[in-house]
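In: how would this look folded up:
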Amino acid sequence: MSEDAFRRAEDAPKLFVVPAPGTELAVPEDLAPAEADEVVDGEIVRYRQPIPARRVLPVWIVDPVERRHATSWATAYARHHVLYYGARAPLYVLRIASYTPRGAYRVTRQWAGWAFDAEAAALRRDAVVRSDHDTYFKHAHLRNERVKLRLIVSGSVAGAAVVAASVGTVFLPLTPWALLITLLAVLGYIGRPLDRVLIERSVITGADGVAPRLTPSMVIRALGALGNAEINKALGKGGEGITFAGDPLRDGPGWRADVDLPFGVTAKDVIGKRDRLASGLRRPIGCVWPEPDVDEHEGRLILWVGDKPLNRQTPAAWPLLTDVADVFKPLPLGVDQRGRPVTVTLIFANLLIGSLPRMGKTFSLRVLLLALALDVTIEHRVFELKGTGDLACMSKLAHHYASGLGDDAALACLESLRELDRELVLRADRIKRLPKHLAPESKLTRAICNDRRLKLWPIVLTVDEAQNLFSHSQYGDEAGELAERIIKVGPAMGVILILATQRPDAKSLPTGISANVVMRFALKVMDQASNDMILGTSRYKNGTKATDFSRKDLGIGYLLGEGDEPQTVRTYYVDSPAAEAITDRALALRQEAGTVTGVAAGEVEAIAPAETLVDHALSVFRAGEDALWNEVIVARLAEVHPELYGEWDARDLGNALAGHGVNRRQLERDDGDGTRKNRRGVDRLALEEVTQKRP
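Out: Modelled structure (predicted):
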């Protein structure tokens, strides 16, 4: 056989001939049929390929993170069983005690039948019926010998037990009680009903963080519920079936199954129906995360089912609390559904963040800006066009900074874009004139950025609520053109643009911008159009649906551009006091390195927000009103500023006012129907005191 023919034979699917009845055929171990395979006598049946050998030790033994998750799961599993059976212990004791008389009767009857040779009674009766005296006397003599021996044995055992109990009572006073309890327990067990269990089984339903074990039958049942014609055909009689590349196993805080889908079915066909898959598994959608296996084939599905929904898992700590960062290296963004760190590499890339209001968009943006702040070579230009001061911590080290809803902040952002557009021309010339030994590929490096004399340090321009800039009646068109040009050529020259928006439509986010952004992060959005505007065309169709996230999934979204496939990310959470401490440390590092410029150095005046939430709240008070409920204030704010407060509720308003230092209290007021009710509210005087304290 030629080498090519040999390889083709090796690569071909294995065939196994099933012998007809009465014949024997040796079956290679690696070709043994699976349980789900159908065997037909005398026919050639195709079987799956043998599973590749796994590593010697499982991952949870080798990897410390996996070991911690496995230990946590085992502890929770044991705790659940201990609490379940412990809480029902009194019931089990009473149940066993009630079965004791019946157990004593069964033991006595069994002993009496054995001791008095009940098993041979039928033979003796048969001899009497047949009047066979010789046979009867023979059996009677044999019975007498057996009864005598068995009574002696019974007496000896009983005597030994009495002696042992007496000795134990002398040396161990608790022996009688222990013997009595043991005897009652044994008799209760013997007297139990034979048609049902004595103790109820502990059913794992996902409570207390303990998820049911994922089994192949559960996965197959869930896949069959998707309504996919090829899967249904495969599950039918004579189909190829669904196979697994090994048994489901623990993977982090959940279970993982590697599934080989039927021929012609891709992993994306399943990913696009995550809600139905979750229903088939009887698990919350926040626990079910299917993804393709990019290292195998298009039909390999990795199904990961978590113990808890992602929004209920313990938040991970931000890893740079005591460390520094480098824009040329991956920066921490958050963790995925399995608790593994997710990073982004922003050098030579741009980033677009989009979501509905109040879903964690600005907080996710702030996590990245805080990481970038710890690279002392970066020049920051931060524009927060909502005016609430969410990114105010960056003003102390930014080159340009503006915050506000008015025209001043939008104009400042436009001026910065104009300056960057001119800077790109200068940078192209500087990079072209760099010595070949310093930039052999005409590309920025860490060493080039560190040399301040070359004036090629990284520049990061951040625009939060970018829709307020691009939809501006006066500045929007020019800003869109400049941003599109910077996005296309800026990354190669170390100029990075980060945009965050809550209204991703063609007017608020020009298509020239959304089409050229390399990296995208989408938290919850409302519809397919918004989903594809942020993540890219056809992403919704391919199963990457940010619409599936709920209002409780704060800070959870899909990240595209960092890897081959979309990544599910729960961003780190850094509160305002921690953000201030981080930027204080970043400022100290910059002062030591001599890289403080612009607003931070006092060279350029920062544009503060002309109006804040406190000003907006004051503006909705009417003549004669000295206090209002939060519900009334937020309803009026939604009418006046729907783009800012349209999605807010009373709790959102209370939390935001607390961040501005506004005192809230319980207010008893007329509900409008003549009844008095007590609800949380704000005094006009409390708002005025905050505005008077501002510089």
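In: list the buried residues for whichever strand or helix holds residue 93?
Out: Assigning secondary structure by DSSP states H and E places residue 93 in helix 89-115. If you call a residue buried by 16 or more other Cβ atoms under 10 Å, then helix 89-115 has these buried ones: 96, 99-100, 103-104. For glycine as for every other residue, the C-beta is placed from the backbone atoms N, C-alpha and C.
In: other SSEs contacting it?
Out: Packing partners of helix 89-115 (3 or more Cβ pairs under 8 Å, 6 or more residues apart in numbering; DSSP states H and E): helix 133-171, helix 175-190.
In: try it again at 6 Å.
Out: Here helix 89-115 touches helix 175-190, going by 3 or more Cβ pairs under 6 Å, 6 or more residues apart in numbering; DSSP states H and E.
In: tilt between the helix holding residue 93 and helix 133-171?
Out: Orientation check (axes from the mean of the first three to the mean of the last three Cα atoms, to 10 degrees): helix 89-115 against helix 133-171 gives 140 degrees.
In: average model confidence for helix 89-115?
Out: The average pLDDT for helix 89-115 rounds to 85.
In: which one of the buried residues of helix 89-115 sits closest to residue 647?
Out: Closest to residue 647 out of the buried residues of helix 89-115 is residue 96 (58.3 Å), distances taken as Cβ to Cβ.
In: show me where the stretch 201-350 of the chain has helices.
Out: Secondary structure of the stretch 201-350 of the chain by DSSP state H, counting those that start in this stretch: the helices cover 216-224, 229-235, 267-271, 274-281.
In: may I see these arranged in TSV, with mean neighbour count, distance to residue 399 and mean pLDDT as well?
Out: Shown next, in TSV, are the helices of the stretch 201-350 of the chain (neighbours: other Cβ atoms under 10 Å; distance: least, Cβ to Cβ, whole Å; pLDDT from 0 to 100):
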stretch	mean neighbour count	distance to residue 399	mean pLDDT
helix 216-224	19	53	90
helix 229-235	17	56	86
helix 267-271	21	42	89
helix 274-281	18	43	92
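In: which one of these lies closest to residue 579?
Out: helix 274-281 (33.5 Å).
In: name the helices or strands packed onto that closest one?
Out: By 3+ Cβ pairs under 6 Å, 6+ apart, helix 274-281 packs against helix 216-224, strand 288-292.
In: including distance to residue 412, could those go into a markdown table?
Out: Converted to a markdown table, the helices and strands packed on helix 274-281 look like this (distance: least, Cβ to Cβ, whole Å):
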| stretch | distance to residue 412 |
| --- | --- |
| helix 216-224 | 53 |
| strand 288-292 | 42 |
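In: closest to residue 552 out of these?
Out: Minimum separation from residue 552 across the helices and strands packed on helix 274-281 (Cβ to Cβ) falls at strand 288-292, 15.8 Å.
In: tell me the confidence at the residue lying closest to residue 686 once chain neighbours are set aside?
Out: Spatial nearest neighbour of residue 686, chain neighbours left out: residue 663 (4.7 Å); criterion: Cβ to Cβ, 6 or more residues apart in numbering. Here the pLDDT value assigned to residue 663 is 83.
In: could you report the neighbour count for residue 663?
Out: 13 (other Cβ atoms under 10 Å).
In: that one and residue 687 touch, don't they?
Out: No: look at residue 663 against residue 687 with Cβ atoms under 6 Å: they stay out of range, at 9.5 Å.
In: give me the mean pLDDT for stretch 440-452.
Out: Stretch 440-452 comes out at a mean pLDDT of 89.
In: start to end distance for it?
Out: Length of stretch 440-452, first residue to last, Cα to Cα, to the nearest Å: 19 Å.
In: chain center to it, what's the gap?
Out: In terms of Cα atoms, centre = their mean, to the nearest Å, the centre of stretch 440-452 is set 38 Å apart from its chain centre.
In: give me the contacts around that stretch.
Out: Contact with stretch 440-452 is made by 328, 377, 431, 454, 456-458, 494, as judged by Cβ atoms under 6 Å, 6 or more residues apart in numbering.
In: pipe the helices of the stretch 201-350 of the chain into JSON lines and attach distance to residue 69 per row.
Out: Output for the helices of the stretch 201-350 of the chain, formatted as JSON lines (distance: least, Cβ to Cβ, whole Å):
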{"stretch": "helix 216-224", "distance to residue 69": "21"}
{"stretch": "helix 229-235", "distance to residue 69": "31"}
{"stretch": "helix 267-271", "distance to residue 69": "24"}
{"stretch": "helix 274-281", "distance to residue 69": "20"}
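In: and the helices in the stretch 401-550 of the chain?
Out: Under the criterion DSSP H, counting those that start in this stretch, the stretch 401-550 of the chain contains helices at 407-432, 446-450, 467-470, 476-489, 511-514, 528-535.
In: of these, which is nearest residue 296?
Out: Among the helices of the stretch 401-550 of the chain, the nearest to residue 296 by Cβ to Cβ is helix 528-535 (24.2 Å).
In: give me the below-cutoff pLDDT ranges for the stretch 51-200 of the chain.
Out: Scanning the stretch 51-200 of the chain for pLDDT under 70 picks out 51-60, 65-66, 197-200.
In: give me the contact list for stretch 616-636.
Out: The set of residues external to stretch 616-636 that reach it, using Cβ under 6 Å, 6+ apart, is 637, 648, 650, 653-654, 667, 679-681, 683-684, 687.
In: tell me the buried residues within the residues you listed.
Out: Buried members of these, counted by 16+ other Cβ under 10 Å: 637, 648, 650, 653-654, 667, 681, 683, 687.
In: now for the residues you listed: which two are most distant?
Out: Once Cβ to Cβ is applied, the buried ones among the contacts of stretch 616-636 give 648 and 683 as the farthest pair, at 19.8 Å.
In: okay, now the unreliable bits of the stretch 401-550 of the chain?
Out: For the stretch 401-550 of the chain (pLDDT under 70), the answer is none.
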